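In: here is my input, please return the structure:
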Amino acid sequence: MTALFIRRPVMTALVMIGILFFGAVSYTRLAVSDLPTVDFPTIQVNANLPGASPETMAASVATPLEKQFSTIAGIDNMTSSSGLGSTSITIQFSLDRSIDAAAQDVQAAISQTLRSLPLGILPPSYRKVNPADQPILYLTLTSKTMPLSQLDEYGETFMAQRISMVPGIAQVQVYGGQKYAVRVQLDPTSLANRGIGIDEVASAINSQNVSMPTGTLYGINKASTIKANGQLQNAAQFRQMVVAYRNGAPVHLDEIGQVLDDVENNKVASWYNGDRSVILAIQRQPGTNTIEVTDNIKRLLPLFKAELLRALTR
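Out: You can find the predicted model right below:
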């Protein structure tokens with residue numbers, strides 16, 4: 001075999017050039033990944049019970065679910081972690097188990113356990129996960145002038161949705177989310193003095209903060225839809241809400257407690273270099289080139305920066 005290449009040096013040179021050329025082209029198209037592409041059939045179940053302690057979540061929520069999940073065939077291991085008002089259970093199945101069939105079994109187990117869970121719990125949810133799918137890029141949003149709630153809205157509604165449209169992106173998770181909400185902190189003494197119950201306050205807030213169609217006016221040539229927009233937008237509007245009447249006088253919400261502009265969950269936070277922040281964790285789709293996907297995201301950063309500057313100057 002070697003004699004052929006010795007007698008034909010031109011052919012040998014052309015073969016070597018061809019190998020180098022195709023090798024260089026193939027190298028530029030190689031996928032870059034820290035871990036091999038392995039699809040582990042793993043399902044994560046999340047349950048939330050606002051106000052419950054970690055001990056209560058572990059004993060009253062995680063334990064019944066785990067007992068029911070243990071009856072499912074093909075489970076390799078199952079782990080759970082409980083915190084304030086939430087619990088997370090991760091179930092990993094054997095590699096020969098279909099993830100879709102396993103998801104159906106998990107859903108059936110959750111349905112059977114609902115009757116034994118505490119009252120007021122949010123229905124447990126599940127999603128298919130892959131332990132090998134770690135975020136490839138983190139984007140941190142901080143601002144010394146913009147409130148965190150506005151920063152969170154910009155990150156979730158504009159940046160995350162725009163990044164999700166980049167080819168090769170699987171999902172964008174938000175850490176330290178600070179969604180805007182109005183927080184009402186009631187004073188028990190004021191409630192007792194006026195004879196008002198907490199359920200009465202909650203009912204008043206729900207009934208007076210609505211946005212729904214009222215009806216339709218039909219004319220000879222056209223019909224007009226009437227909409228009563230009673231939705232309140234901030235704490236200042238909530239403070240003047242009439243909760244009840246006592247001795248013929250209205251009782252406003254700010255008379256029985258504090259009404260504050262806040263966030264949905266003020267027990268969740270993230271920091272970057274000592275400053276409060278909102279973090280976007282970006283995951284890629286299996287089989288895509290990590291470097292290419294990251295470069296495509298970085299090309300969007302000047303657009304995000306310009307849009308954020310325009311929002312600050314409005």
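In: you'd agree Leu232 is in a helix?
Out: No: read with DSSP: H, G, I helix; E, B strand; the rest coil, Leu232 is coil and lies in no helix.
In: thought Arg239 was touching it, still the case?
Out: No: Leu232 is beyond contact range of Arg239, at 9.7 Å (criterion: CB atoms under 8 Å). Quick note: C-beta positions are derived from backbone N, CA and C, even for glycine.
In: regarding Ile297, what is its secondary structure?
Out: Classification of Ile297 by three-state DSSP places it in helix.
In: how near is it to Ala281?
Out: Computed as CB to CB, to the nearest Å, the Ile297 to Ala281 distance reads 12 Å.
In: out of those two, which sits in the busier spot?
Out: More neighbours surround Ile297 than the other of Ile297 and Ala281, with 22 against 16 (other CB atoms under 10 Å).
In: residues contacting that one?
Out: 137, 163, 166, 169, 282 (CB atoms under 8 Å, 6 or more residues apart in numbering).
In: do that again at 6 Å, thanks
Out: By CB atoms under 6 Å, 6 or more residues apart in numbering, the contact list for Ile297 reads 137, 166.
In: do Ser224 as well
Out: By CB under 6 Å, 6+ apart, Ser224 lies in contact with Leu217.
In: kindly report the same for Glu200.
Out: Going by CB under 6 Å, 6+ apart, Glu200 touches no other residue.
In: secondary structure element for it?
Out: Assigned by DSSP states H and E, Glu200 falls within helix 198-208.
In: please apply the same query to Ser82.
Out: Following DSSP H and E, one finds Ser82 within strand 75-83.
In: packing partners for that strand?
Out: Applying 3 or more CB pairs under 6 Å, 6 or more residues apart in numbering; DSSP states H and E, one finds that strand 75-83 contacts strand 86-93.
In: which other residues reach the helix or strand immediately after the strand it packs on in the chain?
Out: Once the chain leaves strand 86-93, the next helix or strand it forms, by DSSP H and E, is helix 99-113. Here helix 99-113 makes contact (CB under 6 Å, 6+ apart) with 41, 43, 64-65, 68-69, 72, 93, 124, 126, 128.
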